[in-house]
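Q: Next comes the sequence, and after it the predicted model I'd like to discuss.
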Amino acid sequence: MAVRKKGGAAESRVALVRRARKINRLLAELYPDAHCELDFNGPLELVVATILSAQCTDVRVNQVTPALFARYHTAEDYASADRIELEELIRPTGFYRNKATSLLGLGRELCERFGGEVPGRLEDLVTLPGVGRKTANVVLGNAFNVPGLTVDTHFGRLVRRFGWTDEEEPVKVEHLIGELFPRSEWTLLSHRLIFHGRRICHSRRPACGACPLASLCPSHGIGELDPVKAEAMLKPASAREAAALADVRKRQAAESAAARTPSPRSGNAGAAGDTGAAAPAGPAKVAVSRP
């Protein structure tokens, strides 16, 4: 039976699946609005935006694409675009010459092979200029509602920190993680992991001391453990995210306090043993979680 290491002990396949799915459920609570953070309308715009996002933040891409999408509406527009004009529009995303080559080629290939439309199959998408498996899964999951796992740097980092796999090669990671979850969860799982990687589980110094996944994460402790310092490292992107994080942490604190509070029955039994007589029942103590 395949095992993973967690806390120095062997973890069975069943335990790994249960822990992975529990993490996913917690991520769903933390990020109820998890979604693709690239702005787009339709498959073509998403393909273009994803190509531009290589070695560039989604925020920067979203600053560039309004003018780009206003200028180019169809695959034919990209196929016939003036290279210099196109390069100037996408220059802020970096590697603009290579990206312009991909966009020009993308337009031509779509016109020549797919009637100007973005195909909805992985095997077709990966044949297009500038489109790898990661980009194809982004497009399938978010433009065609076809489940896919987007193995970007955040995704890969987190699944290894969580001990779900130790593989580095993206295609192997995609297949191994896909086996842990129902196919219907793949697209949202990708968004949740990316959200968590951007907001809490940072690359160089994760905010371990403020992470609600700490008890489930074998890598807990590699980052900042001081609760106050870790709190300052959190990067919720909206008030709704901040509220969801606060709610989950408050609930966990209450559960932890309840687990530490002795039950009245066990307390009474001890008192009776000391005196030889049954002790009167006192008022139950209720642990109150402070926000």
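A: Perfect, thanks for sending it.

Q: Tell me which residues touch the residue lying closest to Thr74 once chain neighbours are set aside, please.
A: Closest residue in space to Thr74, ignoring its immediate chain neighbours: Gly116 at 6.2 Å, by C-beta to C-beta, 6 or more residues apart in numbering. Bear in mind the C-beta positions are built from the backbone N, C-alpha and C, glycine included. Going by C-beta atoms under 8 Å, 6 or more residues apart in numbering, Gly116 touches 74-76, 110.

Q: Could you grab the helix/strand/coil label for Gly116?
A: coil (DSSP: H, G, I helix; E, B strand; the rest coil).

Q: Same check on Val146?
A: Secondary structure, three-state DSSP: Val146 is coil.

Q: What distance do you get for the closest residue to Gly132 other than its chain neighbours to Ile84?
A: With C-beta to C-beta, 6+ apart as the criterion, Gly132 has its nearest non-adjacent residue at 6.5 Å, and that residue is Val126. Remark: distance between Val126 and Ile84 (C-beta to C-beta, to the nearest Å) = 29 Å.

Q: Report pLDDT for Pro283.
A: At Pro283, the model reports a pLDDT of 33.

Q: shaky segments in this protein?
A: Applying pLDDT under 70 to the chain flags the ranges 1-9, 263-291.

Q: Quickly note the distance from the residue nearest to Thr74 to Val146.
A: Noted for Gly116: a distance of 20 Å to Val146, by C-beta to C-beta.

Q: and if you look at Ala237?
A: On the measure of C-beta to C-beta, Ala237 and Val146 end up 26 Å apart.

Q: cool, His35 as well?
A: As judged by C-beta to C-beta, His35 and Val146 stand 16 Å apart.

Q: Name the residue in those two with the higher neighbour count.
A: Val146 (17 against 13; other C-beta atoms under 10 Å).

Q: On the three-state scheme, the nearest residue to Gly163 once chain neighbours are set aside is what?
A: Spatial nearest neighbour of Gly163, excluding adjacent residues (C-beta to C-beta, 6+ apart): Pro218 at 4.4 Å. In three-state terms, and counting by three-state DSSP, Pro218 is coil.

Q: Around Pro218, how many other residues sit close by?
A: 18.

Q: Just confirm it contacts Asp166, I think it does.
A: No - the criterion here is C-beta atoms under 8 Å, and Pro218 misses it with Asp166 at 11.1 Å.

Q: Just want the most central residue of this protein.
A: Centroid-nearest residue in the chain, with C-alpha atoms, centre = their mean: Leu193, separated by 1.6 Å.

Q: In contact with Lys22, which residues are there?
A: Applying C-beta under 8 Å, 6+ apart, we find Lys22 in contact with Leu216.

Q: Hmm, I typed the wrong one, I wanted His154.
A: Listed by C-beta under 8 Å, 6+ apart, the contact set of His154 reads 193-194, 196-198.

Q: if we go to 6 Å?
A: His154 sits next to 194, 197 when contact means C-beta atoms under 6 Å, 6 or more residues apart in numbering.

Q: That one in helix, strand or coil?
A: helix.

Q: Can you report how many residues neighbour Asn137?
A: 25.
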